[in-house]
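Peer 1: here's my sequence, what's the structure:
(one chain, ligands or ions: 1)
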Amino acid sequence: MDFGKNFIWGAATAAYQIEGGAFEDGKGLNIFDTFCQIPNKIDNNDNGNIACDHYHRWKSDIALMKEIGLKAYRFSLSWARILPEGIGKINDKGIEFYNNIIDELLKNDIEPYITLYHWDLPLALDKLGGWRNPEIVRWFSEYAKVVAENFSDRVKYFMTINEPQVIMVNGYQQGVLAPGLNLTVPELLDAAHNLLKAHGAAVVTLRTYAKQSLSIGYAPCGQFNMPLNETPEDIEAARRSMFSFDDPYKSVGSLVWYNDPIIFGKYPENEFALCEKYMPEITDSDMTLISQPIDFLGHNVYWGHMVSSSDGMPEIVSDPGGFKNPPHKWPVTPDCLYWGTKFLYDRYKMPIYITENGKSCLDEISQDGKVHDTERIDYINGYLKGLKKSILEGSDVRGYFQWSLMDNFEWTYGYKDRFGLIYVDYNTQKRILKDSAYRYNEIIRTNGSDL
Ligand code: BGC
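Peer 2: Next up is the predicted model:
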């Protein structure tokens, strides 16, 4: 059995992590352009000024995608490259850059999947409060209009926002990513509510100005948890742990805080009760805007917790075992793709795309000039086996995007951490297809039949 004839095999990247060209052709500054200049925020004080130089190498990079056999490519647009001040004047060079990429992808039969926002807020808008300012609903919608008008004649698939959880927790709560804030719970809940409204407004705007019928989703994250034992009690505990939290501090990092309002049109009941006293004023029209119908649910997955039931309540098993790879030290837990997609589909009954999944390794070039990343191959095989099982049991999963197409600027970890199917030598910008890229090619060609 394979994944079904329409299954989409892809790889993903994000603008700030690969493009470089940070100060070229009229691009405006974004919050990472300045955040990375603050000493010791990023490992080795690295930044994305040049990154993979994809801004100049997009054509040969697309040729490599073709060589890997990708059917789809998920990438994000740099908002400040298109609208240097976030709103107002459009930068034609930015539009041209993405037009070139889209045309070249289509020429190579690779379907573009565009993410509007992968964390790189235009600096001009951050100065006005960023996601804390309710005006962001209008700003994001204006940007979505420009995107729809310029790209939707050829691009059908759009995601509004990548990982609201990380935007809020890492950027606004713990301050380890741009813009580096430490907000209180009420301030966070307010910013997250603005973000949800901005998502909804972008959905409406994309559809209003689209030149064809679009397929729209978003790409959240959040634990994909697994039962310790396959007993009904542990299975329910794992499911419950994925869709609930017990402390308002955890709200903006959870999955349900975004998925439930977007899909069901209301915040999750028990969790809302916990947070109610900290919430901003919420109107019915807010919830209508937030829950504009979407076509698919994305989910970024790297690992999950093992969960057991303790008197019906979920208990996280402290050490699920497995290999912990440096420098992320994220455990390798292949079954999370099986359980997580099942739980997700059971709850939301929506088509799912795995919008990111992958593993960082400390890859090196061997004497033979190749990169033998056997750990990554093992990871991909294991996770995809789990995904296949879930699909065969009825979960409607439409596609899978490997994170990442190529090694790139891994946020706090700089360039040390390598997630790519393609190795990038940052001194020369030379690319080498890793062994995992060849294995992925085989999986795509056989539609996963040997998994
Ligand atoms: C993000 C990517 C990031 C990856 C690995 C995801 O949370 O969307 O931008 O590179 O995790 O850390």
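Peer 1: residues in contact with stretch 98-112?
Peer 2: 8, 10, 58-59, 62-63, 65-66, 70-73, 75, 77, 82, 150-151, 154-157 (Cβ atoms under 8 Å, 6 or more residues apart in numbering). Placement of C-beta: from N, CA and C, glycine included.
Peer 1: stretch 172-192 close to the ligand?
Peer 2: No: shown here: stretch 172-192 not in contact with the ligand (Cβ under 6 Å from any ligand atom), separated by at least 10.0 Å.
Peer 1: endpoints of that stretch, how far apart?
Peer 2: 10 Å (Cα to Cα, to the nearest Å).
Peer 1: and that stretch, how far out from the chain middle?
Peer 2: 19 Å (Cα atoms, centre = their mean, to the nearest Å).
Peer 1: same check on stretch 363-380?
Peer 2: For stretch 363-380, the distance to the chain centre is 24 Å (Cα atoms, centre = their mean).
Peer 1: check the gap between Arg57 and the ligand for me.
Peer 2: Plainly put, Arg57 is 19 Å away from the ligand if you go by Cβ to the nearest ligand atom, to the nearest Å.
Peer 1: which ones are touching that residue?
Peer 2: Contacts of Arg57 by Cβ under 8 Å, 6+ apart are Gln429.
Peer 1: let's see that with 10 Å instead.
Peer 2: Taking Cβ atoms under 10 Å, 6 or more residues apart in numbering, we find Arg57 in contact with Ile18, Glu19, Gly20, Ala63, Leu64, Met406, Val424, Gln429, Arg431.
Peer 1: wait, doesn't the second one sit right on Asp33?
Peer 2: It refers to Glu19. No: taking contacts as Cβ atoms under 10 Å, Glu19 lies outside contact range of Asp33: 11.5 Å.
Peer 1: who's more crowded, those two?
Peer 2: Glu19 (31 against 21; other Cβ atoms under 10 Å).
Peer 1: returning to that earlier point: mind checking which of the contacts of Arg57 land in helices?
Peer 2: Ile18, Ala63, Leu64 (DSSP state H).
Peer 1: what is the burial count for the first one?
Peer 2: Burial measure for Ile18: 26 neighbouring residues, criterion other Cβ under 10 Å.
Peer 1: now the common contact residues for Glu19 and Asp33.
Peer 2: By Cβ under 10 Å, 6+ apart, the residues touching both Glu19 and Asp33 are Lys27, Gly48, Asn49, Asp120.
Peer 1: and Ala191, that's in a strand?
Peer 2: No: counting by DSSP: H, G, I helix; E, B strand; the rest coil, Ala191 is not found in a strand; it is helix.
Peer 1: can you pull the contacts of Ser310?
Peer 2: Glu233, Ala237.
Peer 1: hmm, whatever helix or strand Tyr113 lives in touching the ligand?
Peer 2: In the assignment (DSSP states H and E), Tyr113 maps to strand 111-117. No: applying Cβ under 6 Å from any ligand atom, one finds strand 111-117 separated from the ligand by no less than 9.1 Å.
Peer 1: with that, I have no additional questions.
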